[in-house]
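# Sharing a model prediction with you, sequence too.
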Amino acid sequence: MNSIGSGRSYVLPLAFAMTVSMWAAAYVCRLPAVMAPSWLVLGLMLAMVAVWGWIAGSRTGNGWLAGVVVGVVAAIVNMLILGSILASADGGGVVPSALWWVPGSILVMALVSGGFAAAPGRRVDQIADPAEWTALFSKVAVAATFLLVVAGGLVTSNEAGLAVVDWPNTFGSNLFLFPLARMTGGIYYEHAHRLFGALVGLTTIVLAIRLWRRDDRPWLRRLAIVAVVLVILQGLLGGLRVTGGFTLSTSETDMAPSIALAVLHGVLGQVFLSLMVAIAVVTSRWWRLAPVAEPRSTVGGDRSIQSWLVATLVVQLVLGAVQRHLAWGLIIHISLAAVVVMLAVIAGARAWGLYHGVWPVQRLGQALIGGVVVQVTLGIAALAVTQGRAVVGSPTTLEVTITTAHQATGAALLALAVTLLLWTRRLFAVER
């Protein structure tokens with residue numbers, strides 16, 4: 001892998017990692033409750049370019065050229081949001097400065113990334129092989145999806161789901177050319193969520209193509225296609241939740257917003273996160289190098305408990321979404337939470353105790369117990385600040401923070417349970 005031709009497998013994983021990191025920094029900094037100064041936003045984004053440029057130089061063996069290539073590709077992917085900066089205030093086109101902004105942004109990212117990739121006096125670490133770069137790409141897809149889930153949670157918590165009245169356009173403007181200056185209040189939450197959705201969709205499609213080209217496991221290739229179908233379906237559900245049908249109208253009177261689709265959209269997003277986590281697990285280096293499954297007398301019972309936990313968590317996520325949107329089913333949601341806690345503690349304790357010293361099963365058991373404790377705490381706090389009602393009016397920052405954290409932790413718990421089930425099946429077989 002010392003030549004550019006043989007080492008180019010690193011380009012897309014590192015470029016998308018750079019892009020997702022930049023978007024995350026910009027998103028947090030531009031939240032209405034934060035509104036960090038522009039110089040800080042720019043500084044943090046360039047810091048992400050520098051970090052991933054350094055990684056490109058240290059793990060590819062191609063030095064400064066690796067950083068330049070990664071920076072250029074990331075800059076091209078960033079065109080998904082650059083249009084918002086270059087769009088005219090009326091959303092009717094781009095400003096004349098776009099003629100130098102586009103090549104300028106590519107040049108700056110290439111120089112920063114390439115410069116840090118060629119940092120003097122630094123040795124080249126162990127060069128990653130193509131499979132490890134695919135594993136990194138899968139992890140980047142998980143990170144992007146989790147950011148999308150959080151962004152979606154903030155949309156619901158801020159009652160911003162209908163802040164943008166139309167879809168697939170935004171107030172009549174192309175999705176990627178809606179001016180940043182008009183992204184205020186609820187519009188920022190909703191439009192940024194849409195942009196993250198576009199990034200996750202692109203990431204999923206590129207990852208699926210990569211898996212089809214580089215992975216020889218037919219079932220994983222099929223799983224990648226399922227991921228692409230789900231991410232497209234998720235995008236359609238998000239849009240139809242606003243409009244109720246396919247239309248290019250910008251009039252609210254032509255729209256038929258659907259709460260049912262909003263619930264389905266929210267739940268499917270969290271299920272999709274678990275699917276991406278599953279792909280990341282099975283493409284990881286540890287999965288590939290794991291020994292042949294060891295027969296254990298306890299593994300049959302553990303698989304059953306873990307499967308029940310996954311199924312119960314999905315139902316609980318549905319009830320949570322119904323509660324957030326309709327303030328209905330709170331007692332059922334709380335009652336099922338007791339079942340989830342019981343199953344999570346049992347599954348976690350067994351993974352922790354019966355498979356002591358077996359990584360990652362033991363660690364996942366510990367994480368599952370810790371996660372459910374955090375989730376119960378957040379659930380109690382959410383009940384206290386919302387008093388069991390749906391988000392109405394102008395929610396406080398405390399309400400938004402707690403309810404969004406509760407939703408995101410629920411998604412993370414489902415992903416943890418799926419991961420534990422996968423590793424239990426990978427490392428242990430039912431004793432016959």
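Good, I have the coordinates. Keep in mind the model is a prediction, meaning the values are calculated, not measured.
# Can you mark which positions in the helix or strand where residue 401 lies are buried?
For residue 401, the host element (DSSP states H and E) is helix 397-427. Residues of helix 397-427 classed as buried: 399-424, 426-427 (neighbour count, 16 or more other Cβ atoms under 10 Å). In short, each C-beta sits where N, CA and C put it, glycine included.
# so which helix or strand takes in residue 337?
Per DSSP H and E: helix 330-354 holds residue 337.
# Could you name the helices and strands sitting against the next helix or strand after that helix?
As assigned by DSSP H and E, the chain's next helix or strand after helix 330-354 is helix 361-386. Counting contacts by 3 or more Cβ pairs under 8 Å, 6 or more residues apart in numbering; DSSP states H and E, helix 361-386 is packed against helix 330-354, helix 397-427.
# switch to 10 Å and redo it
helix 299-326, helix 330-354, helix 397-427 (3 or more Cβ pairs under 10 Å, 6 or more residues apart in numbering; DSSP states H and E).
# need the contact list for residue 45.
18, 21-26, 29, 78, 109, 112 (Cβ atoms under 10 Å, 6 or more residues apart in numbering).
# swap in residue 291?
Counting by Cβ under 10 Å, 6+ apart, residue 291 has contacts 426-427.
# Just the pLDDT at it, thanks.
Predicted confidence (pLDDT) at residue 291: the value is 88.
# Regarding it, what is its secondary structure?
Classification of residue 291 using DSSP: H, G, I helix; E, B strand; the rest coil returns coil.
# CA-only coordinates of stretch 176-194 in CSV, if you can.
Output of stretch 176-194 as CSV, limited to C-alpha atoms (Å, rounded to 0.1, in the frame of the first residue of the first chain):
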residue,chain,number,x,y,z
PHE,A,176,-29.0,23.1,-1.2
LEU,A,177,-29.4,26.7,-2.1
PHE,A,178,-31.5,28.0,0.8
PRO,A,179,-29.6,31.0,2.3
LEU,A,180,-27.9,30.6,5.6
ALA,A,181,-29.1,34.0,6.6
ARG,A,182,-32.7,32.8,6.6
MET,A,183,-32.0,29.7,8.7
THR,A,184,-33.3,31.1,12.0
GLY,A,185,-35.2,29.6,14.9
GLY,A,186,-37.2,26.6,14.0
ILE,A,187,-36.2,26.9,10.3
TYR,A,188,-32.6,26.2,11.3
TYR,A,189,-33.5,23.0,13.1
GLU,A,190,-35.7,21.7,10.3
HIS,A,191,-33.5,22.7,7.4
ALA,A,192,-30.3,21.5,9.0
HIS,A,193,-32.0,18.2,9.7
ARG,A,194,-32.8,17.9,6.0
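# Let me see the mean pLDDT of that stretch.
89.
# Just the buried positions in it, please.
Buried residues in stretch 176-194 (16+ other Cβ under 10 Å): 176-180, 182-183, 186-194.
# So which of these sit within helices?
186-194 (DSSP state H).
# Need the max-distance pair from those.
186 and 194 (12.7 Å; Cβ to Cβ).
# Need the residues touching each of these two.
Contacts common to residue 186 and residue 194, judged by Cβ under 10 Å, 6+ apart, are 155, 164.
# about what we covered before: identify, from the ones in helices among the buried residues of stretch 176-194, the entry nearest to residue 292.
residue 193 (44.0 Å).
# Buried residues of stretch 227-243, list them for me.
227, 230-231, 234-235, 237-243.
# Surely residue 405 and residue 385 touch.
No. Applying Cβ atoms under 10 Å as the test, residue 405 and residue 385 come out as separate, 11.3 Å apart.
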